[in-house]
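# The sequence isn't on hand, but the structure is:
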């Protein structure tokens, strides 16, 4: 079998550019994600988070919870992941998370949905063709309870630029 001709595959540009964001703009993210017991066990084990609250149902129940608690870092990573397609898929370095606050605990079987609002936008003074955008993101479970909120900032390329 011969090697594929990669030049015959068209490049599909994805994501929003800097000009596509306006301060105050509200952006709902796609259909959400149900976190499972397996997600939690694999993530907690892979990150060496050997915390009984995340891995031992009897321990969690003994502290008044209905089940293990999903590792909050998995919750945060999932929520940021839910927002990537709408906010930062066009590329640009992730500049960080600020003011991250967790709400009610997430348990296996909970489904998270997220939405973001543009809270700040400015062009970069040191990098032509790049802007800096900050979003406030909230995620809720299937009961509408807040599970996490955060501010996240990325460099975002301007229209007409493909690479940083």
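Everything's here; your move. A quick note: this is a predicted structure, and the numbers were derived from the prediction, not measured.
# Tell me if residue 133 really is in a helix.
No: under DSSP: H, G, I helix; E, B strand; the rest coil, residue 133 sits outside any helix and is assigned strand.
# what's near enough to touch residue 75?
By Cβ atoms under 8 Å, 6 or more residues apart in numbering, the residues touching residue 75 are 35, 102, 106, 112, 139, 147, 148. No exception for glycine: its C-beta is placed from N, CA and C like everyone else's.
# hang on, the last one packs against residue 99?
No: applying Cβ atoms under 8 Å, one finds residue 148 not in contact with residue 99, separated by 11.0 Å.
# Looking at these two, which one has more neighbours?
Neighbour tally, residue 148 and residue 99, criterion other Cβ atoms under 10 Å: the higher count belongs to residue 148, 22 against 9.
# Now do the one helix or strand the more buried one maps to: which elements does it pack against?
Assigned by DSSP states H and E, residue 148 belongs to strand 146-157. Packing partners of strand 146-157 (3 or more Cβ pairs under 8 Å, 6 or more residues apart in numbering; DSSP states H and E): helix 72-87, strand 94-102, strand 111-123, strand 130-140.
# Could you pull up the contacting residues of residue 73?
Going by Cβ under 8 Å, 6+ apart, residue 73 touches 43, 47, 49.
# just to revisit the earlier point, by how many degrees do the strand holding residue 148 and strand 130-140 diverge?
Inter-element angle recorded for strand 146-157 and strand 130-140: 170 degrees (by axes from the mean of the first three to the mean of the last three Cα atoms, to 10 degrees).
# strands paired with strand 146-157, and their directions?
Strand 146-157 pairs in its sheet with strand 94-102 (antiparallel), strand 130-140 (antiparallel), by DSSP bridges.
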